[in-house]
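# My questions concern the predicted model and sequence given below.
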2 protein chains.
Amino acid sequence: MARQRSTIRDVARRAGVSVTTVSHTFSGNGVVNPATQARVRAAASELGYHPDVVASGLRKSRLGVIGLVLRPAVGERPQDLSDVDYFPRFAGAAALTSLEHGYALMLVADPTVSGAPVTAYACDGIVVTDPVADDVLVARLRSSHTPYTLVGADVNDPDDPHVIDIATPAITDRVLDHLTDAGATRLALVNGVDPIEWNAATEQRYRERMREAGREEIVLYAPETEGRAAGVRAADELLALPQRPDGVYCLTSEHARGLVEGLVARGVRVPDDIRVVCGSDADSLRTATPSISSVDLQPEALGRQAAAAVLRQLEPDLDLRVPEPDHGRIILRESTAPASREDRPRQD
Amino acid sequence: MARQRSTIRDVARRAGVSVTTVSHTFSGNGVVNPATQARVRAAASELGYHPDVVASGLRKSRLGVIGLVLRPAVGERPQDLSDVDYFPRFAGAAALTSLEHGYALMLVADPTVSGAPVTAYACDGIVVTDPVADDVLVARLRSSHTPYTLVGADVNDPDDPHVIDIATPAITDRVLDHLTDAGATRLALVNGVDPIEWNAATEQRYRERMREAGREEIVLYAPETEGRAAGVRAADELLALPQRPDGVYCLTSEHARGLVEGLVARGVRVPDDIRVVCGSDADSLRTATPSISSVDLQPEALGRQAAAAVLRQLEPDLDLRVPEPDHGRIILRESTAPASREDRPRQD
DNA sequence: CTGAAAGCGCTTACAG
DNA sequence: CTGAAAGCGCTTACAG
């Protein structure tokens, strides 16, 4: 901000007091005679003065800002983030909770990416979504004693207490049950490759379930960075299997779109031949043909939980109540519903 | 952030140079012998040093942060903001555009609200969505020469060049045409009361259109702060009119929900007796019974536009390309569609 | 109750 | 190419 603003010294001069008195008047620290306070406030408002949070932040080591870092490596390729889906909702909800309690929320670049601005380290506390295995950023936050909260655990450090539970096993159960209810008997998993809890814990639970049921474990991998094309490839791989699955749980929305696109292009009927559920809802799933059932990850509830968890560390006395997510709520669309139904909202 | 971090002085000491040299090494200002630079960088990485953006921001009057202020008066009652709709998508998209160009995006409280933290004034530039009439904040931003961009104009200052066009008249035309296409012949408007372009310009265009067509102008008002209850009241008012309208354009989503709820509770069939379009899409409209048609305001495109507009002022050389919104795209749902269709996604 | 002074970590003329 | 020093706007012991 243009700093031709007046400073605490201008106010002091105008009110005929010291800067200490001005500082005390606005901060509420120290004791200032009410009459003096009135003079100070009058001078301040004549000058249009307001305290500089940067200067005060430098002095107090407290900026009034919670940082939100999107991993993995979003700083490097933010364009990969889908605009309309998980992240904006998460961030917006976290911001609201922060603002309600006097903090700003800052969306910052991943500071471990070289060349990225290190704005993250200016924050009073940090939310990381989602941490990767052996996360360098988390290690730094810990060693610098920065309050932090992780959304989903570091898979190699499952006992970190500063984690918002994303309930991956429970979600996996609900999805597999849903596929089974929709008539699938042979279930495959299309997983991402980022080393995050979501991917790892989903696969683990999927394998457990298949083992318990005495079914074959069919897991394919698609890199998150390759988007829809990797989903199309997964479709080919599935169709090349000696025994085709008739139900697929595909975690990432772009993969799911490519997958369904690929299946349909090869003459497979969705859902009649193969049922598909995507692990993360997105607008593009709603408007796909056929539309694709998905898990509502409830980014709003998670965003509020995450902000609240950091705020509790910053201000232990705060009375923070935020909604609990209903983990694994499934949004039913054509890809797991009888084909006769019309589910997609039509567009103008 | 906990500031037991090492400082530029520690690095200087360890590398056996002055702080000037360390500063120059990291900032790229001045000229530093490559061998010296190497020593400095080695010392820095041994100490885990990284520059403090707050200190540097204080010194340079540049923090690398774009602020986003939500008006009217969201700081006072952030809980009124609907979580899942316009704002998070707008903010998320603006953040991505900012991060892509080295800036953080900070969601800040309205600094004109007394008692609110004035973090906004720490930002290098500000996005305001949406400005109110004679906006005090805008006046301050202007007088302090802070780069800013408004999403929608201040209705009393339509010629401000720093405005992202939200195309309210064009949107209004599309909605009224849509209602007419759906069979409505007598159109009413349920407007909010906040003094923002969206409300004012919609009403103005609606009245023009009714006048041109020789139709009665039927405008009801519902306060944004009163949410769904105000929508229910609007339903009663509409039904009490000597001649009922058969098409309603209701701007705010909570009002639209209350309106439809009220109409249905009183035995009115929607859309058969009265067609309803909401001016701002929201998740709650999709899941309402009947589901409610709405305008997709394209918050992602607007968010990117707004961030880009501020970035262009901050860094004139940046090559910024962001998508243009398709203003007034209508999402067709049951409230303006033949009742026989099934449009709502079913839930698990 | 009020004020003089040091210092938060950095940047930037300026002198060498 | 390198360094000593002033200062960004504030806060906070400390003395009076």
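Yep, it's here. Since this is a predicted model, take the numbers as computed values, not measurements.
# continuing past the helix or strand harbouring A:Val54, what's the next helix or strand?
Using DSSP states H and E, A:Val54 maps to helix A:53-60. Read in the C-terminal direction, the helix or strand following helix A:53-60 is strand A:65-70, with elements assigned using DSSP H and E.
# That following strand vs helix A:53-60, what angle?
100 degrees (axes from the mean of the first three to the mean of the last three Cα atoms, to 10 degrees).
# Just the CA atoms of the helix or strand just after strand A:65-70, as CSV, please.
Once the chain leaves strand A:65-70, the next helix or strand it forms, by DSSP H and E, is helix A:86-100. Taking only C-alpha atoms (Å, rounded to 0.1, in the frame of the first residue of the first chain), the coordinates of helix A:86-100 have been written out as CSV:
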residue,chain,number,x,y,z
TYR,A,86,-12.4,-28.7,-3.8
PHE,A,87,-9.8,-26.0,-3.3
PRO,A,88,-11.9,-22.8,-3.7
ARG,A,89,-14.5,-24.1,-1.4
PHE,A,90,-12.0,-25.2,1.2
ALA,A,91,-10.2,-21.9,1.1
GLY,A,92,-13.3,-19.8,1.2
ALA,A,93,-14.7,-21.6,4.2
ALA,A,94,-11.4,-21.4,6.0
ALA,A,95,-11.3,-17.7,5.3
LEU,A,96,-14.7,-17.2,6.7
THR,A,97,-13.8,-18.9,9.9
SER,A,98,-10.6,-16.9,10.2
LEU,A,99,-12.3,-13.6,9.5
GLU,A,100,-14.9,-14.3,12.1
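# average pLDDT for helix A:86-100?
When the per-residue pLDDT values of helix A:86-100 are averaged, the result is 87.
# and it, what does it pack onto?
When contacts are defined as 3 or more Cβ pairs under 8 Å, 6 or more residues apart in numbering or on different chains; DSSP states H and E, helix A:86-100 packs onto strand A:65-70, strand A:104-108, helix A:299-314, helix B:86-100, strand B:104-108. Heads up, the C-betas are built off the backbone N, CA and C, glycines and all.
# want to throw these into CSV with mean neighbour count and distance to A:Tyr86?
CSV is the format used below for the helices and strands packed on helix A:86-100 (neighbours: other Cβ atoms under 10 Å in any protein chain shown; distance: least, Cβ to Cβ, whole Å):
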stretch, mean neighbour count, distance to A:Tyr86
strand A:65-70, 28, 10
strand A:104-108, 30, 14
helix A:299-314, 24, 5
helix B:86-100, 27, 9
strand B:104-108, 30, 17
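# Nearest to B:Gln305 among those would be which one?
Comparing the helices and strands packed on helix A:86-100 by their distance to B:Gln305 (Cβ to Cβ), the top pick is helix B:86-100, with 8.6 Å.
# tilt between that closest one and strand A:104-108?
40 degrees.
# Please tell me how far helix B:86-100 is from the chain's geometric centre.
The gap between the average C-alpha position of helix B:86-100 and the chain average comes to 9 Å, counting by Cα atoms, centre = their mean, to the nearest Å.
# got the angle for it vs helix B:299-314?
40 degrees.
# For stretch A:222-231, measure first residue to last.
In terms of Cα to Cα, to the nearest Å, the two terminal residues of stretch A:222-231 are separated by 7 Å.
# let me fix that: stretch A:267-284
For stretch A:267-284, the first and last residues are 22 Å from each other (Cα to Cα).
# swap in stretch A:104-121?
Using Cα to Cα, the gap from the first to the last residue of stretch A:104-121 comes to 15 Å.
# swap in stretch A:306-325?
End-to-end distance of stretch A:306-325 (Cα to Cα): 12 Å.
# Wait, a strand at A:Val219?
Yes - secondary structure assignment places A:Val219 in a strand (DSSP: H, G, I helix; E, B strand; the rest coil).
# So which elements touch the helix holding A:Val54?
Using 3+ Cβ pairs under 8 Å, 6+ apart: helix A:53-60 touches helix B:53-60.
# Kindly export the helix it packs on (C-alpha atoms) in CSV.
Listed next in CSV are the C-alpha coordinates belonging to helix B:53-60 (Å, rounded to 0.1, in the frame of the first residue of the first chain):
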residue,chain,number,x,y,z
VAL,B,53,9.0,-10.8,4.2
VAL,B,54,7.5,-8.7,6.9
ALA,B,55,10.7,-6.8,7.6
SER,B,56,11.4,-6.4,3.9
GLY,B,57,7.8,-5.4,3.4
LEU,B,58,8.1,-2.7,6.0
ARG,B,59,11.2,-1.4,4.4
LYS,B,60,10.1,-1.6,0.8
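# The nearest residue to A:Gly102 once chain neighbours are set aside: what's it in contact with?
For A:Gly102, ignoring the flanking residues on the chain, the nearest one in space by Cβ to Cβ, 6 or more residues apart in numbering or on different chains is B:Pro117 at 5.6 Å. Contact criterion Cβ atoms under 8 Å, 6 or more residues apart in numbering or on different chains gives A:Val53, A:Gly64, A:Gly102, A:Tyr103, A:Ala104, B:Val108, B:Ala109, B:Pro111 as the residues in contact with B:Pro117.
# pLDDT at the fourth one, what is it?
Spelled out, it's A:Tyr103. pLDDT, A:Tyr103: 94.
# next one: phi and psi at A:Arg329?
Main-chain torsions, A:Arg329, degrees, to the nearest 10: phi -60, psi 130.
# isn't it right up against A:Ser293?
No - look at A:Arg329 against A:Ser293 with Cβ atoms under 8 Å: they stay out of range, at 11.4 Å.
# quick one: which of the contacts of B:Pro117 is most hemmed in?
Neighbour counts for the contacts of B:Pro117 peak at B:Val108, which has 32 neighbours (criterion: other Cβ atoms under 10 Å in any protein chain shown).
# so that one touches B:Val65, yeah?
No - using Cβ under 8 Å as the test, B:Val108 is too far from B:Val65 to be in contact (9.3 Å).
# one step back: which positions within the helix holding A:Val54 qualify as buried?
Buried residues in helix A:53-60, counting neighbours by 16 or more other Cβ atoms under 10 Å in any protein chain shown, are found at A:Val53, A:Val54, A:Ala55, A:Ser56, A:Gly57, A:Leu58.
# what about the second one, distance to A:Ala122?
According to Cβ to Cβ, to the nearest Å, A:Val54 stands 9 Å off from A:Ala122.
# shared neighbours of those two, anything?
Looking at what touches both A:Val54 and A:Ala122 (by Cβ under 8 Å, 6+ apart), the common residues are A:Leu63, B:Val54, B:Gly57.
# Tell me where the stretch 201-348 of chain A has strands.
Using DSSP state E, counting those that start in this stretch, the strands found in the stretch 201-348 of chain A span residues A:218-221, A:247-250, A:275-278, A:293-296, A:329-332.
# residue contacts, A:Val268?
Taking Cβ under 8 Å, 6+ apart as the contact definition, A:Val268 lies against A:Ala235, A:Leu239, A:Ile274.
# All good on my end, thank you.
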